[in-house]
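Participant: below: sequence and its predicted model.
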Amino acid sequence: MELEDQQKKLFSKCDELYQALNLSTDIPSYDGVSMEFMQNLLCARDVKITVRTLAIASFFEWEKLDQAAAGRHRPLGKLYSIGK
């Protein structure tokens, strides 16, 4: 019961802080959503950000290879082939 009381106090303090910020948008309620699901959702978000960063770096690397082969303003074609 002591943990539940502390949780209620923390939530009430969070509500007070949110009201003090006077934001116009509402924070969605996540009642009924398990903590495990929220952790998985955050992990999936982190993986998505990592994959996006690696993909962009790879595209820049391909662009640098193309510029080195043909020059910046005279492309001769791609040095790589997607799907092979």
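Facilitator: Here it is on my side, so go on. Residues are numbered from 1 along each chain as shown.
Participant: in this protein, where is pLDDT below threshold?
Facilitator: Applying pLDDT under 70 to the chain picks out residues 23-27, 68-84.
Participant: so where do the helices sit in it?
Facilitator: Applying DSSP state H to the chain gives helices spanning 2-21, 35-70.
Participant: those helices into CSV, with extra columns for mean neighbour count and distance to Ser29?
Facilitator: C-beta coordinates here come from the backbone N, C-alpha and C atoms, glycine included. Shown next, in CSV, are the helices of the chain (neighbours: other Cβ atoms under 10 Å; distance: least, Cβ to Cβ, whole Å):
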stretch, mean neighbour count, distance to Ser29
helix 2-21, 9, 12
helix 35-70, 11, 13
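Participant: is it possible to get TSV of these that adds distance to Pro28?
Facilitator: Below are the helices of the chain laid out as TSV (distance: least, Cβ to Cβ, whole Å):
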stretch	distance to Pro28
helix 2-21	13
helix 35-70	12
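Participant: ok now stretch 2-9, how far from the chain's centre?
Facilitator: How far stretch 2-9 lies from its chain's middle: 31 Å, per Cα atoms, centre = their mean, to the nearest Å.
Participant: could I get the CA-only coordinates of it as PDB?
Facilitator: Extracted in PDB, the C-alpha atoms of stretch 2-9 (Å, rounded to 0.1, in the frame of the first residue of the first chain):
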ATOM      1  CA  GLU A   2       2.900   2.400   0.700                       C
ATOM      2  CA  LEU A   3       4.100   2.200  -2.900                       C
ATOM      3  CA  GLU A   4       0.500   2.900  -4.200                       C
ATOM      4  CA  ASP A   5       0.300   5.900  -1.900                       C
ATOM      5  CA  GLN A   6       3.600   7.200  -3.200                       C
ATOM      6  CA  GLN A   7       2.500   6.600  -6.800                       C
ATOM      7  CA  LYS A   8      -0.800   8.600  -6.200                       C
ATOM      8  CA  LYS A   9       1.200  11.500  -4.700                       C
END
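Participant: begin at 832 from now on, thanks
Facilitator: Done: numbering now begins at 832, and the last item shifts to stretch 833-840.
Participant: and the contacts of it?
Facilitator: Taking Cβ atoms under 8 Å, 6 or more residues apart in numbering as the criterion, no residue outside stretch 833-840 touches it.
Participant: great, nothing more from me.
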